[in-house]
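*Asks:* Let's see this in three dimensions:
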Amino acid sequence: MDYVQIAAGMASHIREAVRPLIGKAAARNIAGAASSGDATFGIDCIAEEAVISFIEANKLNVAIYTEDEGLREFGNPEATLIIDPIDGSRPAMAGFESCVVSVAVTRYGEKARMRDVVAGCIYEIKHDRAFAAEKGCGAKIFEGGTQVAISPTAVKDVTRAAWTTEVAGRPLDKIAVVIADPLAASSITGGFFVLNSTAFSLTRLVNGQLSAVADVAGRLLKDFPSSRQDFIKAGNNRVIGLFPYDFAAAAFIAMEAGCVVTDAWGRSLDDINLLDSTEANIQSMLAASTPELHGQFLNMINDGFRRLDDEGSD
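*Replies:* Got it, this is the predicted structure:
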């Protein structure tokens, strides 16, 4: 089985199915809730249907794990596909470019950990640009079907970093305390953005548009269990955050491009269970284009968590 070809074919097929809905009113209809607790929109339903039609048309023997439906098996699986049919549903509904199709591939087995990813593909929905990687072979970017060079930035100082964080369903007051230092240091001479798609943001490390990506929510939940009520309020009575399907392909591609990708404690992602979208498996992330920049961000985030702890004890 050609893992990269399967990932790219699936991603391209989903993209073609949902692209006509980008920015259209029909995409905004709320259809229910995903297995993770996040909202499911009309455009997500079309994407899920495209997943099944690709499997049936190509007679694939695979297991798939998607945001909305969880784990399913087709035939005698030879591989497991971790799919986020649309990462960035809200930008897609608004017609913004920060929305992608994400497909990661692991060999089939009872477990699928981040260390088991062997291939991944991210396809932008609005533009004809794809990011792909095979384990041990580096990352590639294709524009209009033509391969172009990967170009992670060489930025080593947070003051020059263009970076993004995720805020959807997160308690903004506490997140702001944690990221205050890198935000203040970079907002004028670098840049700070909220793009609402972790997979899109991570691919920006590969093409050099961003130098860092952070999501501290998972660490906040675990280090400060009392913050759960704040998450429930921010998430419309659900605790939502960064789930493995959000980043399985994109983090793999970024690491194959030479970027540093860890959780918000600075730990490896290798043992993360990719087939679990429960609250207990909400993750955090810190990714940077250089080790030096990653270290600076980690120190500042650690300081932010200490500050949050001090404020709580006052």
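
*Asks:* contact partners of stretch 222-236?
*Replies:* By C-beta atoms under 8 Å, 6 or more residues apart in numbering, the residues outside stretch 222-236 that reach it are 37, 39, 169-174, 217, 220-221, 238-241, 305, 308-309, 312. Every residue, glycine included, has its C-beta placed from N, CA and C.

*Asks:* Among the residues you listed, name the ones in helices.
*Replies:* Among these, the residues falling in helices (DSSP state H) are Leu172, Asp173, Lys174, Ala217, Leu220, Leu221, Phe305, Leu308, Asp309, Gly312.

*Asks:* Could you identify which of those has the most neighbours?
*Replies:* Neighbour counts for these (other C-beta atoms under 10 Å) peak at Ala217, which has 30 neighbours.

*Asks:* ok, now which ones touch that residue?
*Replies:* With C-beta under 8 Å, 6+ apart, Ala217 has these contacts: Glu166, Gly169, Arg170, Ile175, Phe231, Gly241, Leu242, Ile282, Ser284.

*Asks:* what are the ranges of the strands in the stretch 201-314 of the chain?
*Replies:* All strands of the stretch 201-314 of the chain, identified by DSSP state E, counting those that start in this stretch, fall at 212-215, 260-262, 285-288.

*Asks:* And those: which comes nearest Glu134?
*Replies:* strand 260-262 (17.0 Å; C-beta to C-beta).

*Asks:* What pairs with the closest one, parallel or antiparallel?
*Replies:* strand 285-288 (antiparallel) (DSSP bridges).

*Asks:* residue ranges with poor pLDDT in this structure?
*Replies:* Confidence mapping of the chain against pLDDT under 70 gives the ranges 25-41, 313-314.

*Asks:* How is it divided into domains?
*Replies:* 3-148, 158-313 (automatic domain parsing).

*Asks:* Tell me the secondary structure of the residue lying closest to Ser289 once chain neighbours are set aside, please.
*Replies:* Of all residues not flanking Ser289 in the chain, Pro152 sits nearest, at 4.1 Å (C-beta to C-beta, 6 or more residues apart in numbering). Per DSSP: H, G, I helix; E, B strand; the rest coil, the secondary structure class of Pro152 is coil.
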